[in-house]
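Peer 1: Kindly return the folded structure for what I paste below:
(chains A and B)
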Amino acid sequence: MVNFRFLIREMLEARHQAAIFILCVALSITSLVALNSFKRDVHQSITGDARALHGGDLIIHSHYDFSPGLLAAVNSLEADIAGKVRTWQFYSVVRNSGDETLFSNIMAVEPGYPLYGTVTLASGAPFAKQLAPGTTVVGRELLDRLGVKVGDMLQVGKTKVKIVDVVTHESSRPVDIFSFGPRVFVAAADLTAMDLVRTGSRVEYEMLLQVTNQDRLSQVVAQLQKAALPDQERVSTFQTARSGLKRFFDNLLFFLSLISIFTLLLAGIGMQSSLSALLRQKEKSLAIVRALGATQKFLLLHYLLVVLLYGFVGSCLGIAAGVALKYAFPYLFAGIIPPEHVSGLGLFDIAQGMVLGFLVVLFFTFLPLYRLREVKPNVIFRSESSQAPRGLVYYLAILAGFSFLTLLVIHQLDDSRTGIYFMAGTSGLIVLIAGLAKLILLALKRLSIRTLPLRQAFRSLLRPGNSTQPVIVTLASALSVLLAIFLVEYNLHSSYVESYPQDAPNLFLVDIQPGQRQGFTEMVGGNVQLHPIIRARLKAINGEPVKRGEQRRRFSDSLTREFNLTYRDALLPDEVVEAGGTLYKMDKKGHAPLQVSILDTVAEMGDIRLGDILDFNIQGVPLKAEVTSIRTRTKSRLFPFFYFVFPTEYLQKAPQTLFAAIHVEKSVIPQLEKKVVAAYPNISVINMAETAVQLGGMMQKLSAIVNFFALFSIFAGALIIVSSILATRLARVREAVYYKVLGGKSGFVVSVFFFENIVLGLISSLLGVLLAQGGSWALCHFLFDIPYRPYWAASMLLVVLTLLLVVGVGMTSSISIIRQKPIVFLREQTIE
Amino acid sequence: MREVILEANELSKTYTIGERQESVLEAVSLQVEAGEFVVISGTSGSGKTTLLSILSGLDRPSSGRVTMAGRDITELSEDELAPVRNELTGFVFQAFHLVPSLNALENVMFPAELKRDPAAKDKASTLLQKVGLWHRRHNYPQQLSGGEKQRVAICRALINTPKIIFADEPTGNLDSENSRSIIELLLELHREHNTTLVMATHSGEVAAQADRIIQLHDGRLQNGGGVG
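Peer 2: All right, here's what the predicted structure looks like:
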């Protein structure tokens, strides 16, 4: 039976710990509720309709014009195909009637595009009706940047097309995140006149198909896959096709989910810690209740109700905060997702938040509640409580709880493998920190300290039964993850955006045809190195085929992708031979036989060594070469680099384009762009400095989002500190009273508190910094392959902030006792 | 006539509980001579502990004055009282109140360390040996029995050779055998160091061994306040 008076009295007591508990519950679900709801928005409005996103039931993709075999196979399936449309997508520079140019994303489409979804135009007219040969439909940004309007002419390649309308929305590109340049739709019939698609040009060829019978989809795919050139032509359905946009959102939301899950874990630890402190505080009154005949079940039931009611209040607060947060999302995700795609929180989100809140409360309060059975009436007579032995049920319950949490994490991340890795990693981190904390505390125990307040502070930390180790573990793990997020984020930022070297090339010129070599070189001033580009795939290493997913992946790179091979007979200025002595091995006649020099990064990626034999497929032609040297580079990725370099004579005659990376004065760039585009429309001029700024802006936006979500974790970490300090307040107050009774002045008591908090904060924050630095270095070195900057100032700032928080909260919660007469506490202890 | 080491004049103590004023002590005056063993006796709720805590400076009276070794301690601040507690007085409590983070030896040493006594460890060792707890010196309070804790507390009270020891029901939490040995120990040390011993107890057996009994009833002095 529930005793409501007892229940309400218990709920209203220990308000500080109750407030922390409720805040932790709220915090644990706020970001998750908002994020889950946002995920659904993204799915419903952006990535959910896969047919509209890809524009067809079947998508055939290639970087080359389709092979005759595949085209024949498509034609042979006439009965199965209800609609067919081809597209060509590439970057090029367009020009207004004056001299102004703009790097744009050109998409040439055949009539009938898109088969699914829509391209909405400003005029409201149907896309198919507006886009005719000799016309173009462009993004609004182009009008603004080139100062043109509908009706004006636009130079695209060697031809001029008339701007007839403006694109307002594309279902295949619902948001415009990583496109460096506005959209320019042209009719496929104009491609020849434009003369932009030549041998080796970087063009994405796509054929979109609509099938007559959806049930036949898999058979049609199978037939086309059989006809497609392996590793060159990709045939997929709308369900299996890759979407960069979907991948971007999946990755972003996944990362934010990880941070939110981490917040949930921290908040859960805060719940556990505050409830434990609350129960410890009430141990004697609970013992009295037991002595009066209350059963374990009575206490358990009432305290379960107490935490559930706290949980309910916390969940309501969390959902309310989630609603507020959701309203902030359009501002937070500005530039990434249009505000009209973000909806409010629905009933489902609220219900999900409630369920999540209760599950989290139940899991994290299980252990403290389980310990209620350890409350024995004899605690009334003894000042120290004894712990009951923990049986099989206890450990089974922990296992069940851990499994439940893993399932929750898997559900949130929507990825079982990562969920298990996350839980294993988190557990490993906790075990590692617990071990290190134990070692440090053991070392402190052996220290011989002469200063009494400092020694006493150490003694207090090392007191048997003290919660120093759990507090350190909690604090250090929270701090290490928060700092690691910061360090990785800033290292990525500094490697790709901030550290744009002064002398780095700021213009990349691609798709230069071999016949344009001389004219181009003269135009840009003569002193420019042109790198031949021959596109090829690596088929095998020492006869072992290279398969997707089997080789080690670094920074999302893969040995199965198409590479740009080059040939030359000397090292680049920023290259050094790391293994093999010279770039090539010469025979006795001073002649270089067929061989290949590889870059250290690709060597590591595929575990390739000197003497290994690599099999390449150069646009259908096989080529076998021995690795005779391994190069390394001294400059950043912004300087041109090549994984595979061959002696000139073997690749000279292969189909190729040329690539140049030049550094020119910023003020000269627009003029040079115009000159190049006017003379060679097929050459794409990429303004790298501008691209870096654009990329930097995007990264800053993403950083702001990540930091915003990390704030919740920081807040949860701060709550843990407050809760931990409050949990040990009684012990501190008791010791302070004893010091005073024995003749210690207030200065002494303050010193002991100060040192105790400082040592606790120092150990926790330094451990956190150590692990964060180690972990971030490993991530940057092994996963992202970027140079690592430790940002010691930020680490020190974290240490200082932690110390301020720990000392501040610790001193504030204990300082009142210094002015108080010791008898007040002693009397309470005696009366109790 | 011996020197008066502790003197209370017209002590009163009133607690405010909610809106109610409750008087615990009323106009209590007494004197204690140096080296005397005085028991404050009375039934539960008579005000023994309150009087002891005011006499020792742990609490402040609502009115009246307390003089210890010729110094008025009534209005002293907590920091001004610190050297008095450290050097002039020692405390033995019913609930022991040992510092949980210190082992037995460190607990005993602590008051001497506070006054930077370089011989703190030697003195503490001697005292622990004397009370038969040398072998338990590295044990923490929670590893000691009640009787052992109280013996450690007595050593701690004595380490700075105080002039007065205040003991509040020192046997209240102990069995009869331990109680007897604790009282014997206190009396032995009291005689050996000629320390003044002021003890609050309701035990008639203990009171019978005192030089003088101060009897309290409902916060008023029944008898024994003056020097005999």
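Peer 1: Please count neighbours and contacts with C-alpha atoms only from this point.
Peer 2: Will do.
Peer 1: Three-state assignment for whichever residue of the stretch 601-750 of chain A sits closest to chain B, please.
Peer 2: Residue of the stretch 601-750 of chain A nearest chain B, by C-alpha to the nearest C-alpha: residue A:743 (4.0 Å). Applying DSSP: H, G, I helix; E, B strand; the rest coil to residue A:743 yields a three-state assignment of coil.
Peer 1: Give the full set of residues in contact with residue A:461.
Peer 2: A:468, A:756, A:760 (C-alpha atoms under 8 Å, 6 or more residues apart in numbering or on different chains).
Peer 1: how about a cut-off of 7 Å?
Peer 2: A:468, A:756 (C-alpha atoms under 7 Å, 6 or more residues apart in numbering or on different chains).
Peer 1: what's the answer for the one 10 residues further on, then?
Peer 2: When contacts are counted by C-alpha under 7 Å, 6+ apart, residue A:471 touches residue A:724.
Peer 1: And it, how close does it get to chain B?
Peer 2: 17 Å (C-alpha to the nearest C-alpha, to the nearest Å).
Peer 1: helix/strand/coil for that residue?
Peer 2: Per three-state DSSP, residue A:471 ends up helix.
Peer 1: sorry, back to before: neighbours of the residue of the stretch 601-750 of chain A closest to chain B, just the number please.
Peer 2: Residue A:743 sits with 28 neighbouring residues when counted by other C-alpha atoms under 10 Å in any protein chain shown.
Peer 1: Next: residue A:589.
Peer 2: 6.
Peer 1: helices or strands next to the helix or strand residue A:31 falls within in the packing?
Peer 2: Using DSSP states H and E, residue A:31 sits in helix A:15-42. Here helix A:15-42 touches helix A:244-281, helix A:296-332, helix A:347-370, helix A:688-727, going by 3 or more C-alpha pairs under 7 Å, 6 or more residues apart in numbering or on different chains; DSSP states H and E.
Peer 1: just the strands in chain B please.
Peer 2: B:4-17, B:20-33, B:37-42, B:63-68, B:71-72, B:89-92, B:164-168, B:196-200, B:212-217, B:220-223 (DSSP state E).
Peer 1: elements contacting the first one?
Peer 2: Put plainly, it is strand B:4-17. By 3+ C-alpha pairs under 7 Å, 6+ apart, strand B:4-17 packs against strand B:20-33, strand B:63-68.
Peer 1: Just confirm residue A:626 is within a helix.
Peer 2: No. With three-state DSSP as the criterion, residue A:626 is assigned strand and is not in a helix.
Peer 1: Could you verify my assumption that it touches residue A:595?
Peer 2: Yes. If you go by C-alpha atoms under 7 Å, residue A:626 and residue A:595 touch, sitting 4.8 Å apart.
Peer 1: between the two, who's got more neighbours?
Peer 2: Using other C-alpha under 10 Å, the more surrounded residue of residue A:626 and residue A:595 is residue A:595, with 23 against 19.
Peer 1: check contacts around the more buried one.
Peer 2: A:625-628, A:646 are the contacts of residue A:595 under C-alpha under 7 Å, 6+ apart.
Peer 1: re the thing from before, between the helix holding residue A:31 and helix A:347-370, how big is the angle?
Peer 2: 150 degrees (axes from the mean of the first three to the mean of the last three C-alpha atoms, to 10 degrees).
Peer 1: Show me which residues of helix A:15-42 are buried.
Peer 2: A:17-18, A:20-42 (16 or more other C-alpha atoms under 10 Å in any protein chain shown).
Peer 1: Then stretch A:619-627?
Peer 2: Neighbour-count burial for stretch A:619-627 [16+ other C-alpha under 10 Å]: A:623-627.
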